[in-house]
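Peer 1: below is the sequence, then the predicted model.
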Amino acid sequence: MSNSFHDGGNATGHPGLDAVTADTLLEKLSSDDVFRELFNTNPILALAELGVDAAQALAPQVPTAGDPFYCMTTDQLASKEEIAAARIELQAHLTKAGNQTVIFCFEADKIASTLDNN
């Protein structure tokens, strides 16, 4: 499958997701219970399922602190409604290079404050 990242210029952290992949991710996180469970358990496997090359190369590894995609881990995944309500802001965040070092992007009750601080 094609690379689902774009470089977005010089920035720290890993590259942002391409717009189509980010949109698909957010759609599934706001509607698909099976995908939400996979993402909550292992975001690398969930992103690999969406065709993200970097995630496919790491799967089935579960991300730990300092690993790629650790920024997408949560203690409690935000509700479908919370993700849907912040979809535009999350889309912009996920597609911008360098933002993928920020944790809590998908953490319940922390989406708005995380995106405001970024």
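Peer 2: Thanks, I have it.

Peer 1: now the strands for the chain?
Peer 2: Per DSSP state E, the chain carries strands over the ranges 5-6, 16-17.

Peer 1: so what's the residue nearest the centre of the chain closest to, chain neighbours aside?
Peer 2: The structure's the chain has its C-alpha centroid closest to residue 72; by Cα atoms, centre = their mean the separation is 5.0 Å. Among residues not flanking residue 72 along the chain, residue 43 sits closest, at 3.9 Å (Cβ to Cβ, 6 or more residues apart in numbering). From N, CA and C alone the C-beta is placed, and that goes for glycine too.

Peer 1: which ones are touching residue 19?
Peer 2: By Cβ atoms under 8 Å, 6 or more residues apart in numbering, the residues touching residue 19 are 91, 95.

Peer 1: ugh, typo on my part, it should be residue 38
Peer 2: Contacts of residue 38 by Cβ under 8 Å, 6+ apart are 45-46, 49.

Peer 1: please render those as CSV that adds neighbour count and pLDDT to the earlier fields.
Peer 2: Formatted as CSV, the contacts of residue 38 follow (neighbours: other Cβ atoms under 10 Å; pLDDT from 0 to 100):
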residue, neighbour count, pLDDT
45, 18, 97
46, 23, 97
49, 17, 97
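
Peer 1: right, and the residue nearest to the centre of the chain touches residue 94 too?
Peer 2: No: contact criterion Cβ atoms under 8 Å: residue 72 and residue 94 do not qualify, at 9.2 Å.

Peer 1: what's the end-to-end length of stretch 56-74?
Peer 2: Taking Cα to Cα, to the nearest Å as the measure, stretch 56-74 stretches 20 Å from start to finish.

Peer 1: now it: how far from the chain's centre is it?
Peer 2: Centre-to-centre, stretch 56-74 and its host chain are 10 Å apart (Cα atoms, centre = their mean, to the nearest Å).

Peer 1: for residue 81, which non-adjacent residue is closest in space?
Peer 2: Nearest in space to residue 81, with sequence neighbours left out and distances taken as Cβ to Cβ, 6+ apart, is residue 30 at 7.7 Å.

Peer 1: run a quick neighbour tally on the one you found.
Peer 2: When neighbours are counted by other Cβ atoms under 10 Å, residue 30 registers 19.
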